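J.: From the sequence below, what's the structure:
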Amino acid sequence: MRRKYSNNCSSISKVLCLQEHWNTFIVEDDFKFISSNGLNAVRIPVGWWIASDPNPPAPFVGGSLQALDNAFKWAE
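T.: So this is what the prediction gives:
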């Protein structure tokens, strides 16, 4: 996924592209749907660079920790 966004966005807009992805790909309504259908677990793959958020080493882009925080909040 990261490679797709890195290749399709200029260096200036990589953060904006990823923020748009994080804000629209999985949303709170998805968690409500999962719960309403009897599921009580989700798998969230996380890259190692999230530990360095908000300033991970190049070529990674910071901001993914907020998306993970949102998922934790929605899963409660």
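
J.: From residue 38, how far off is the closest residue to residue 15 other than its chain neighbours?
T.: Closest residue in space to residue 15, ignoring its immediate chain neighbours: residue 61 at 5.5 Å, by C-beta to C-beta, 6 or more residues apart in numbering. Every C-beta, even on glycine, is put in place using the N, C-alpha and C of the backbone. Look at residue 61 and residue 38: by C-beta to C-beta, to the nearest Å, they are 35 Å apart.

J.: between those two, who's got more neighbours?
T.: residue 61 (21 against 6; other C-beta atoms under 10 Å).

J.: where does the more buried one land on pLDDT?
T.: Note on residue 61: pLDDT of 86.

J.: Identify the residues contacting stretch 20-32?
T.: The list of residues contacting stretch 20-32 from outside it, by C-beta atoms under 8 Å, 6 or more residues apart in numbering, reads 1, 5, 42, 63, 64, 66, 67, 70, 71, 74, 75.

J.: Return a PyMOL selection command for the buried portion of those.
T.: The following PyMOL line selects those of the contacts of stretch 20-32 that are buried, judged by 16 or more other C-beta atoms under 10 Å:
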select buried, resi 5+64+67+70+71+74
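
J.: Now for the contacts of stretch 20-32: which two are most distant?
T.: Taking C-beta to C-beta as the measure, the contacts of stretch 20-32 reach their widest spread between 5 and 75, a distance of 24.5 Å.

J.: Now the residue nearest to residue 15: phi and psi?
T.: phi -110, psi 130 (degrees, to the nearest 10).

J.: do residue 50 as well
T.: phi -60, psi -30.

J.: so which strand or helix has residue 39?
T.: For residue 39, there is no host helix or strand (DSSP states H and E).

J.: List the residues that contact residue 44.
T.: Residue 44 neighbours (C-beta under 8 Å, 6+ apart): 68, 71.

J.: Using the three-state scheme, assign it.
T.: Recorded secondary structure, residue 44: coil (DSSP: H, G, I helix; E, B strand; the rest coil).
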